[in-house]
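K.L.:
Have a look; sequence and predicted model below, questions after that.
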Amino acid sequence: NLEEFWQNEFASHPLILSEVFAVPIVVLAEKAYVGGKAISNQDGSVVDFLLKNSVTGSSLLTEIKTPGTQLLGAEYRNRAYPASPDLSGAISQALLYKHNLLTEAHSLQRNSAASGRPFESFDPPILIVIGSTAGLDNNDKKRCFELIRQQHRSINIITFDELYQKLEDLLNVLEGNLSVRT
């Protein structure tokens, strides 16, 4: 499946996630259990990546979708485009993961420390990598996407093409090409 492909790509290159969070990170676990199981041992929450800031030890959550995931739904009215069901679902899913992690932090942190991978859960930021701006083919759609994205201040929503551009820009800087794009 395509989501699994991207999961493996990010696992192989964790520096990419570090660049998005803008802090040095360590991958604590892929497909990490972050709580939420019922007493029947079902319905647990599994985030794509549980990371930690390698300096402060604070946890970070990352949810990966695919480049083909739709960002917006059909026009609602008067040039207003809502978040797609996939984007809304990813946001809800990630917020639930954060809630479960914070609810069960003490137990999860104790077990993690015992296994030699300690972390803290103060107020973990969330990263969602999803979709592409290619579907935002007019200014109304771009505006609506930005308005939706900016309202979720504790969630960093970045598209695959934005992530690619960010990495390309970093590579240019490292190679000494400091020209500015407009």
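P.N.:
Cool, the structure landed.

K.L.:
can you pull the contacts of the residue sitting furthest away from the middle of the chain?
P.N.:
Going by Cα atoms, centre = their mean, the residue of the chain most distant from its centre is residue 78, 30.5 Å out. Contact analysis of residue 78 by Cβ atoms under 8 Å, 6 or more residues apart in numbering lists nothing. Yep, even glycine has a C-beta here, placed from its N, CA and C like the rest.

K.L.:
how close does it get to residue 128?
P.N.:
For residue 78, the distance to residue 128 equals 27 Å [Cβ to Cβ, to the nearest Å].

K.L.:
Residue 22 now?
P.N.:
Counting by Cβ to Cβ, the gap from residue 22 to residue 128 is 16 Å.

K.L.:
Residue 77 too?
P.N.:
Taking Cβ to Cβ, one finds residue 77 at 27 Å from residue 128.

K.L.:
more crowded one of those two?
P.N.:
residue 128 (24 against 6; other Cβ atoms under 10 Å).

K.L.:
Retrieve the pLDDT associated with that one.
P.N.:
Per-residue confidence (pLDDT) for residue 128: 95.

K.L.:
Which element, helix or strand, includes it?
P.N.:
Applying DSSP states H and E as the criterion places residue 128 in strand 126-129.

K.L.:
ok, then the element right after that strand?
P.N.:
helix 139-150.

K.L.:
Which residues belonging to that next one are considered buried?
P.N.:
Buried residues in helix 139-150, defined by neighbour count with 16 or more other Cβ atoms under 10 Å: 141, 144, 145, 148, 149.

K.L.:
Look up how far residue 61 lies from the fourth one.
P.N.:
This points to residue 148. Relative to residue 61, and taking Cβ to Cβ, residue 148 is found at 19 Å.

K.L.:
For the protein, just list every one of the helices.
P.N.:
2-12, 15-21, 85-103, 105-114, 139-150, 160-174 (DSSP state H).

K.L.:
hey, which of those helices is tucked in deepest?
P.N.:
helix 85-103 (a mean of 18; mean count of other Cβ atoms under 10 Å).

K.L.:
How far does that one sit from its chain's centre?
P.N.:
With Cα atoms, centre = their mean, to the nearest Å as the basis, helix 85-103 stands 10 Å off its chain's centre.
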